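Engineer: Prediction below, plus the sequence it came from.
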Amino acid sequence: MKRPSKMSDAELDRFLAETIGTFFAIPLDGEYGFARVVRRGHLAGYDLKSRSIPSLDAIEAAGILFVVPVYFDFYVSRRWKNLGKRPLSGEADKPAKFFRQDPITGFVDIYSEGKFLPHTDEDLSKLECLGVCSENHIESRLKNHFAGRPDPEVEASRYKPLKTPAPR
């Protein structure tokens, strides 16, 4: 199979549509973390770590930790084990929202389902920053979560309110 980064636009569209609902076991230092393709280009990480591979029902029941845009080359790298696919439901079937912040002006907008929308009342501290993750970042983020440590990349990309100058 061709790596997704080398596919034509038509091949990539077909590939991404076919992957939705696919679960993966991610090796994490002798144990496994779990993830699932939940949207075209988005992966959900689950709040479950195990020495063995549980049922898809058990993975789904564990709850979603995060949903992030991803590079899909992980799909053919074979580092992660494909566990099978099932239709999305519940939390996994909800559209994800991300914030995007201009580092100079502080202007913020919201990205969801392929569109940029004005920021209105979303709690930006609860949204992921828009950015595409690699398989290394997903693995690191799961390891840090299960070790009870903040993930440096997540912390660096959190929403930063503009500091307004003090009145004179």
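Structural biologist: Received the coordinates, thanks.
Engineer: mind checking how far whichever strand or helix holds residue 58 is from the chain centre?
Structural biologist: Element membership for residue 58, per DSSP states H and E: helix 56-62. For helix 56-62, the distance from its own C-alpha centre to the chain's C-alpha centre is 17 Å (CA atoms, centre = their mean, to the nearest Å).
Engineer: With stretch 102-115 instead?
Structural biologist: On CA atoms, centre = their mean, the centre of stretch 102-115 falls 17 Å from that of its chain.
Engineer: List the buried residues in that stretch.
Structural biologist: For stretch 102-115, burial by neighbour count (16 or more other CB atoms under 10 Å) applies to 108, 110-111. For glycine as for every other residue, the C-beta is placed from the backbone atoms N, C-alpha and C.
Engineer: Then stretch 70-80?
Structural biologist: 70-72, 74-75, 80.
Engineer: between these, which is closest to residue 35?
Structural biologist: Ranked by distance to residue 35 (CB to CB), the buried residues of stretch 70-80 are led by residue 80 at 7.5 Å.
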